[in-house]
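Colleague: Here is a sequence together with a model predicted from it:
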Amino acid sequence: MAGALIIVDVQNDFCEGGAMGVSGGAAVAGAVADLVTDGATFDLVLATQDWHIDPGTHFSETPDFVDSWPVHCVAGTSGAQLHPALTPASERIDAYVRKGRYEAAYSGFEGRVISGDEASAPEPGPSDTVPGTPLAAWLRERGVTDVTVVGIATDFCVRATALDAVREGFDTTALRELTAAVHPENTPAVLEELAAAGVRIA
């Protein structure tokens, strides 16, 4: 039995000053780094990244900020990189999960864990095989039974990742204070939904 921390999309474009900056994003990045470096006992630490090439209607010049969004986290750009405040935790990050090259992909479980060689390889085309191992399979191969979810944004990618973690059979916890929301007014309803699905809110 092992436990994993999944750091969801703590990227430059989702923090203040980014293409889709969320209020409190940089503070979450710093707090997550503190969690990881202050003796937290996770067996594995993963970081997910939105990694878009052509995600279709997910990008829009007139976004509704529910189903469509400004251009963000384009593969290989600075906006897709992890926020600098997370840097102190970088040595503890065991793997990276890239998602959304040609689709919206809110959940980390829609992404694939990449190796070092895969990270530096040319990006796949829309009809090519996506490199890496599906997240759920990667976790199971390492005996993970419990996952803890933190990051950005509470009401989108954190929500989707936590719900999928439960569906995949993992004992799942979301750390409320280590998330930031696009629409903070929706956070209570999101937390209720997560709790009803079996996610532990801490």
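Modeller: Alright, I've got the coordinates.

Colleague: Could you pick out the longest helix of the protein?
Modeller: Ranked by residue count and defined by DSSP state H, the top helix of the chain is helix 25-37.

Colleague: who touches it?
Modeller: 5, 7, 10, 14-16, 18, 42, 45, 82-89, 92-93, 150-152, 175, 177-180 (Cβ atoms under 8 Å, 6 or more residues apart in numbering). For the C-beta atoms, the positions are set from N, CA and C on the backbone; glycine is no exception.

Colleague: Separate out the buried members of these.
Modeller: Neighbour counting by 16 or more other Cβ atoms under 10 Å classes 5, 7, 10, 14-15, 18, 42, 45, 82-83, 85-86, 88-89, 92-93, 150-152, 175, 178-180 among the contacts of helix 25-37 as buried.

Colleague: Quick check: strands, which of those are part of them?
Modeller: Using DSSP state E, the subset of the buried ones among the contacts of helix 25-37 located in strands is Leu5, Ile7, Val45, Val150, Gly151, Ile152, Leu175, Leu178, Thr179, Ala180.

Colleague: so the third one bridges to which residues?
Modeller: Per DSSP bridges, the residues bridged to Val45 are Leu5.

Colleague: Same question for the fourth one.
Modeller: According to DSSP bridges, the residues that bridge with Val150 are Ile7.

Colleague: from what I can see Arg165 touches Arg159, true?
Modeller: To be clear, residue 165 is Ala; Arg isn't right here. No. Using Cβ atoms under 8 Å as the test, Ala165 is too far from Arg159 to be in contact (10.9 Å).

Colleague: Any regions of the chain where pLDDT drops low?
Modeller: For the chain, no stretch is flagged by pLDDT under 70.

Colleague: cutoff 90 now
Modeller: Residue ranges of the chain with pLDDT under 90: 1, 39-41, 115-124, 126-131.

Colleague: those helices in it, which residues are they?
Modeller: Under DSSP H, the chain gives helices at 25-37, 116-120, 135-141, 159-167, 187-197.

Colleague: Ok, which of those comes nearest Glu61?
Modeller: helix 25-37 (23.2 Å; Cβ to Cβ).

Colleague: Could you give me the buried positions within that closest one?
Modeller: Buried residues in helix 25-37 (16+ other Cβ under 10 Å): Gly25, Ala26, Val28, Ala29, Gly30, Ala31, Val32, Ala33, Leu35, Val36.

Colleague: what separates the fifth one from Ala121, distance-wise?
Modeller: Here the distance between Gly30 and Ala121 works out to 32 Å (Cβ to Cβ, to the nearest Å).
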